[in-house]
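J.: one predicted model, sequence on top.
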Amino acid sequence: MTVQKTVFRKNFSLIIAFLVLVSATLIVGLIVAYQLTAKNVENEFESKKTNVADQTIGPYIDLYKNKIFEINLYSGLLDSASAGNYADSVFHTYPFVNKLVFFQIVVDSHGHLFGNNLRITPKSVFEYRPHQKKFKESRIDDEANVNDFRQMSDKLNAYIARYDTLKGPGTDQQAPFYNTRPGKVSFLNIPSNSDLKAYHDLQKGAGDSQAFYKQNMMTFYLDPSKLKIKNVHPELYSSVTIRQISYDPPDIDHTKILTDEVALPGAFADYKLYFSSPTEYLNSETYHRFLPVAGVLLLIYSVFMLIGWLIFRNLSVNLKLFKLQYDFINNFTHEFKTPVSVIKIAGSNLKGDNELTDRQRKHYGKILDEEADKLNELMNKLLSFTQLENKSITIKKDKVKINTFVQGYIDTFKIKYPQFKLSCAIDPEARFFYTDTVLLGSVFQNLIENAYKYSHPDRKELFINIALEKRNIIFSFIDKGIGIPKNELNNIFRKFYRLENQYNQNGSVGLGLAFCKELVNFMDGDIAVKSRVDVGSEFVVTLPYAN
């Protein structure tokens with residue numbers, strides 16, 4: 001019976017639509033993820049520059065806030081030698097300091113330099129440079145020294161003028177003692193509160209006119225080109241340089257090179273950090289960051305595809321099970337229907353009003369007996385198959401004489417099918433064999449029956465070859481039947497599976513070869529097949545051999 005093809009249908013258009021939808025979603029996700037990653041890299045190019053600037057200018061901030069303030073610890077009592085030691089430590093720690101000028105200052109009440117009784121004068125000036133063991137005394141009247149000293153003394157005088165002797169120095173205690181200009185920083189050690197009160201009194205003409213006080217002043221000359229650039233984001237900036245604030249790069253293609261800048265603070269205010277990166281450089285970073293995102297998207301895609309495949313496989317299995325059930329019901333119904341119909345007809349004739357001769361009664365009795373045997377054999381096969389699957393059968397091994405066992409089946413089938421040509425060849429060493437004769441007999445029964453059933457009327461032949469190989473005994477059933485298509489070889493041992501051919505038109509349950517495979521596997525063996533269409537088939541049964 002041919003099953004209608006419309007009963008089992010797979011909607012391949014829906015499957016293709018699902019694959020296209022998931023794949024399109026993946027592609028769109030990858031494109032959007034790459035664009036967002038590229039935008040994020042560009043944003044970081046603009047925002048992370050302050051981190052580089054902070055790290056680069058960090059030593060200058062440390063010099064300004066910590067190292068310079070160490071001068072204050074000497075309380076104005078530095079001399080040229082101790083100032084030299086201090087300068088050496090500065091040059092060693094801060095390479096961007098290329099010169100240091102030390103002022104020894106005297107504060108007293110002689111003269112009217114600021115329009116009052118307070119006088120601030122430089123006593124001596126010394127100059128220090130890196131990698132020079134000897135320092136030299138600088139000229140007091142040097143223009144740079146004069147300007148540095150005058151600016152600082154003016155700030156000190158103004159601070160003393162507004163100094164409140166009752167409230168103290170106030171919140172701006174350190175600010176008046178720093179003087180920051182492009183390229184240099186000057187610092188005057190901060191007088192104690194008592195000194196500031198004395199300076200205030202001297203300024204007002206109320207102090208001791210014979211008293212004098214010592215102050216120290218340092219001017220640090222800074223070279224921005226010696227600042228060590230700390231590019232903490234090399235993945236974003238291929239080049240970071242120090243340029244003058246007025247630096248304007250030549251015309252560049254901003255589609256190929258990205259640039260940015262950050263102004264430096266304090267004494268380096270005339271300079272800036274200049275950042276540049278080719279777009280290929282940033283594209284490489286974008287790709288590097290995009291890879292993990294793409295990996296996650298591909299993983300999600302794979303999960304969806306796996307889920308889709310599992311759903312499809314589950315549906316396919318259910319469809320196959322449904323088809324098997326459908327075929328089984330149709331085929332089994334047909335197999336039962338034919339004997340039942342024959343039994344029905346024979347029974348009707350037996351109980352009819354017409355008198356039957358002895359020959360007719362024997363004929364109908366034979367029909368009833370044969371058809372009952374068919375039904376019984378069919379039910380026993382199905383029951384045995386179920387018992388095999390449930391492992392409810394136990395193997396009973398008996399010593400069997402192989403030649404006698406095989407010849408018995410050959411003789412039986414020659415009587416049953418006189419036109420069936422059966423022959424065999426047995427390895428001389430294979431004389432006895434321990435096995436379950438019932439199970440092995442079922443295998444012989446099914447394979448010999450199939451060889452007869454699926455052969456052309458003029459080519460019903462079967463050759464059985466039995467050989468020993470290592471610790472196995474090999475049974476080969478070689479026929480000259482219709483053969484099996486190559487694409488069907490993996491299916492013929494499936495339960496309820498039937499090949500569509502002219503010899504199956506009258507119906508077949510599809511249990512024979514499946515039953516053989518279950519039997520052989522249950523006996524710890526294996527069964528295989530080789531076949532060519534219109535040439536024949538060879539079924540090879542391999543079982544453990546114990547003599």
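T.: Great, that's in hand.

J.: which residues does I57 contact?
T.: 227, 264-265, 268 (C-beta atoms under 8 Å, 6 or more residues apart in numbering). Glycine gets a C-beta too; all of them are placed from N, C-alpha and C.

J.: how does this structure divide up, domain by domain?
T.: In the domain annotation for the chain, the residue ranges read 56-226, 394-544 (automatic domain parsing).

J.: the first one: end-to-end distance?
T.: Same thing as domain 56-226. Start to finish, the residues bounding domain 56-226 are 11 Å apart (C-alpha to C-alpha, to the nearest Å).

J.: same deal with the last one?
T.: The first and last residues of domain 394-544 sit 17 Å apart, counting by C-alpha to C-alpha.

J.: how distant is that domain from the center of its chain?
T.: Offset of domain 394-544 from its chain centre (C-alpha atoms, centre = their mean, to the nearest Å): 51 Å.

J.: what pLDDT, on average, does that domain get?
T.: When pLDDT is averaged along domain 394-544, the result is 85.

J.: most neighbours of all the contacts of I57, which one?
T.: Neighbour tally across those (other C-beta atoms under 10 Å): the maximum, 23 neighbours, falls on F268.

J.: ok, that one touching L222?
T.: Yes: with contacts counted by C-beta atoms under 8 Å, F268 reaches L222, the gap being 6.9 Å.

J.: where do the contact lists of these two overlap?
T.: Contacts common to F268 and L222, judged by C-beta under 8 Å, 6+ apart, are Y60.

J.: following element in sequence after the lowest-mean-pLDDT helix or strand in the chain, please.
T.: Sorting the helices and strands of the chain by mean pLDDT, DSSP states H and E puts helix 358-389 at the bottom, at a mean of 69. Heading C-terminal from helix 358-389, the first helix or strand you meet, by DSSP states H and E, is strand 398-401.

J.: each with direction, which strands does that next one pair with?
T.: strand 432-435 (antiparallel) (DSSP bridges).

J.: the partner strand: what's the following helix or strand?
T.: Going down the chain from strand 432-435, the next helix or strand is helix 437-453, by DSSP H and E.

J.: now whichever helix or strand comes after that next one against helix 437-453, angle please.
T.: Beyond helix 437-453 on the C-terminal side, the first helix or strand identified by DSSP H and E is strand 461-469. On the basis of axes from the mean of the first three to the mean of the last three C-alpha atoms, to 10 degrees, strand 461-469 is oriented at 140 degrees to helix 437-453.

J.: related to what we said a few turns ago, of the domains of the chain, which is nearest D251?
T.: domain 56-226 (25.1 Å; C-beta to C-beta).

J.: just give me how far the closest one sits from the chain centre.
T.: 63 Å.

J.: what's the mean pLDDT across it?
T.: The model assigns domain 56-226 a mean pLDDT of 85.

J.: phi first, then psi, for V52.
T.: phi -60, psi -40 (degrees, to the nearest 10).

J.: could you count how many residues lie near it?
T.: 21.

J.: next: V541.
T.: 24.

J.: swap in T50?
T.: Around T50 there are 11 residues (other C-beta under 10 Å).

J.: three-state assignment of the residue nearest to the spatial centre of the chain?
T.: By C-alpha atoms, centre = their mean, the chain has its centre lying nearest to G295, at 5.0 Å. Classification of G295 using DSSP: H, G, I helix; E, B strand; the rest coil returns helix.

J.: nearest residue to L222 other than its sequence neighbours?
T.: For L222, ignoring the flanking residues on the chain, the nearest one in space by C-beta to C-beta, 6 or more residues apart in numbering is A267 at 5.0 Å.

J.: tell me who's in contact with that neighbour.
T.: 60, 180-185, 220, 222.

J.: scan the chain for its longest strand.
T.: strand 97-108 (DSSP state E).

J.: just after it, pick out the following helix or strand.
T.: Downstream of strand 97-108 (by DSSP H and E), the next one is strand 119-128.

J.: buried stuff in that next one?
T.: Applying a neighbour-count criterion of 16 or more other C-beta atoms under 10 Å, the buried positions in strand 119-128 are 119-120, 122, 125-128.

J.: show me what it is packed against.
T.: When contacts are defined as 3 or more C-beta pairs under 8 Å, 6 or more residues apart in numbering; DSSP states H and E, strand 119-128 sits against helix 80-93, strand 97-108, strand 136-138, helix 143-161.

J.: which one of those lies nearest to Y213?
T.: Nearest of these (C-beta to C-beta): strand 97-108, 4.4 Å.

J.: in TSV: the buried residues of strand 119-128, plus distance to K48.
T.: Converted to TSV, the buried residues of strand 119-128 look like this (distance: C-beta to C-beta, whole Å):
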residue	distance to K48
R119	53
I120	47
P122	46
V125	44
F126	43
E127	40
Y128	38
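
J.: from these, which is closest to V101?
T.: Nearest to V101 among the buried residues of strand 119-128, counting by C-beta to C-beta, is E127 at 5.4 Å.

J.: got a pLDDT number for T357?
T.: 78.

J.: tell me the spacing between it and Y364.
T.: As judged by C-beta to C-beta, to the nearest Å, T357 and Y364 stand 11 Å apart.

J.: so these two - more neighbours on which side?
T.: Neighbours per residue, other C-beta under 10 Å: of T357 and Y364, the larger number sits with Y364, 19 against 8.

J.: hmm, the more buried one is touching A346, no?
T.: Yes: in this structure Y364 lies within contact range of A346 using C-beta under 8 Å: 4.4 Å.

J.: now do the same end-to-end measure for stretch 87-107.
T.: 24 Å.

J.: list the buried ones in it?
T.: Within stretch 87-107, the residues scored as buried using 16+ other C-beta under 10 Å are 87-88, 90-91, 94, 96-107.

J.: stretch 428-441 now?
T.: 430, 433, 435-437, 439-441.

J.: which other residues reach it?
T.: Taking C-beta under 8 Å, 6+ apart as the rule, stretch 428-441 contacts 393, 395-403, 405, 409, 466-468, 473, 519, 522-523, 543, 545-547.

J.: pLDDT averaged over the helix or strand N318 falls within - what is it?
T.: Remark: N318 resides in helix 279-350, with elements defined by DSSP H and E. Averaged over helix 279-350, pLDDT sits at 80.

J.: contact partners for I410?
T.: So I410 contacts 422-424, 464 (C-beta under 8 Å, 6+ apart).

J.: show me the contacts for V125.
T.: 101-104, 137-140, 142, 145.

J.: before we move on, what about T286?
T.: 34, 37-38, 41.

J.: cutoff 6 Å now
T.: Residues counted as contacts of T286 (C-beta atoms under 6 Å, 6 or more residues apart in numbering) are 37-38, 41.

J.: next one: L350
T.: Neighbour list for L350: Y364 [criterion: C-beta under 6 Å, 6+ apart].

J.: from I160, how far out is it?
T.: Separation of L350 from I160 (C-beta to C-beta): 145 Å.

J.: and if you look at K99?
T.: The gap separating K99 from I160 is 29 Å, by C-beta to C-beta.

J.: same check on L63?
T.: Applying C-beta to C-beta to L63 and I160 gives a distance of 27 Å.

J.: then E137?
T.: Distance from E137 to I160, counting by C-beta to C-beta: 28 Å.
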